[in-house]
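Undergrad: Fold the following for me, if possible:
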Amino acid sequence: DANGATSLGSGSGEAPGGDGDTTVDEEALSDELEGSMQLEIEEAVHASRLLVVELLCFCVNNHGYRIKYFVLKNHVIPKVLRLCQLRDKPLILAAVRFMRACIGLKDEFYNKYVVKNDCLAPLIEQLVANARLDNLLASAVIELLDFIRKENVKSLVSHLHDVHREQLERARLPRVVEALRIRHEQNLELMRTAATRDTGAPGAAGAAGKLAQ
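TA: This is a model prediction of the structure:
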């Protein structure tokens with residue numbers, strides 16, 4: 001009887017231990033599955049965001065007026081630029097490509113919207129943060145600024161010089177800053193020359209009329 005009681009006692013002791021191990025294993029498996037699902041969701045969201053931005057770039061480059069109306073009416077540019085707040089370089093690069101597509105059209109409707117809403121600010125911030133790293137992101141933003149300067153997109157050149165010059169100086173990119181400054185001063189000089197010419201035109205016309213009499 002004593003042996004039976006001992007065996008019963010040992011048997012009853014093993015059962016709770018086995019149930020506890022099973023519970024721990026189930027919880028670990030549940031946590032692992034939950035982590036795996038969360039990772040899959042994050043990867044799916046990342047891929048969808050990239051695809052949406054690429055689709056927008058395609059539409060901007062190929063569908064002209066209709067996509068312009070949609071982008072400006074629905075404030076698509078600031079929404080895309082929110083990707084710059086993430087710590088995800090591919091998504092930030094996608095936002096830069098979208099801005100490059102919009103500015104590449106050299107359409108004053110886009111340019112005025114960019115200036116009014118200071119849409120270049122997130123890109124300049126990324127440039128300041130990455131300039132010393134000399135990485136793909138910094139190169140992409142510098143290429144965009146260089147395009148604005150070479151193509152002389154006057155409203156954006158003026159905006160960069162007047163609003164973001166100090167930020168660009170903090171990025172320690174003297175060539176970029178100097179090139180923008182020279183282009184800005186050239187534009188101002190052309191405007192002064194044109195204004196002087198227009199001011200002198202009525203006088204010239206009056207002199208010509210007197211000579212004709």
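Undergrad: I'd like the average pLDDT over the helix or strand where Asp25 lies.
TA: Taking DSSP states H and E as the definition, one finds Asp25 inside helix 2-62. Here helix 2-62 scores 73 as its mean pLDDT.
Undergrad: Show me which residues of the helix or strand just after it are buried.
TA: Going down the chain from helix 2-62, the next helix or strand is helix 64-73, by DSSP H and E. Residues of helix 64-73 classed as buried by neighbour count (16 or more other Cβ atoms under 10 Å): 67-68, 71. Heads up, the C-betas are built off the backbone N, CA and C, glycines and all.
Undergrad: residues making contact with helix 64-73?
TA: Counting by Cβ atoms under 8 Å, 6 or more residues apart in numbering, the neighbours of helix 64-73 from elsewhere in the structure are 56, 59-60, 76-77, 102, 107, 109-110, 113.
Undergrad: which element follows it toward the C-terminus?
TA: The first helix or strand that comes after helix 64-73 along the chain, using DSSP H and E, is helix 76-81.
Undergrad: Which elements pack onto that next one?
TA: The helices and strands touching helix 76-81, judged by 3 or more Cβ pairs under 8 Å, 6 or more residues apart in numbering; DSSP states H and E, are helix 2-62, helix 89-104.
Undergrad: Please name whichever of the ones you listed is nearest to Leu180.
TA: With distances scored as Cβ to Cβ, the stretch of the helices and strands packed on helix 76-81 nearest to Leu180 is helix 89-104 (14.4 Å).
Undergrad: Using CSV, write out the CA atom coordinates for the closest one.
TA: Listed in CSV are the C-alpha atoms of helix 89-104, where the atom choice follows Å, rounded to 0.1, in the frame of the first residue of the first chain:
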residue,chain,number,x,y,z
LYS,A,89,15.9,54.4,-47.2
PRO,A,90,14.1,52.7,-50.1
LEU,A,91,10.8,54.5,-49.3
ILE,A,92,12.6,57.9,-48.9
LEU,A,93,14.3,57.3,-52.2
ALA,A,94,10.9,56.6,-53.8
ALA,A,95,9.7,60.0,-52.4
VAL,A,96,12.7,61.7,-54.0
ARG,A,97,12.0,60.0,-57.3
PHE,A,98,8.4,61.2,-57.2
MET,A,99,9.5,64.8,-56.5
ARG,A,100,12.0,64.5,-59.3
ALA,A,101,9.2,63.4,-61.7
CYS,A,102,7.0,66.3,-60.7
ILE,A,103,9.8,68.9,-61.0
GLY,A,104,11.2,67.3,-64.1
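Undergrad: which other helices and strands contact the very next helix or strand once past it?
TA: Using DSSP H and E, the helix or strand that directly follows helix 89-104 along the chain is helix 108-116. Applying 3+ Cβ pairs under 8 Å, 6+ apart, one finds that helix 108-116 contacts helix 64-73, helix 89-104, helix 154-163.
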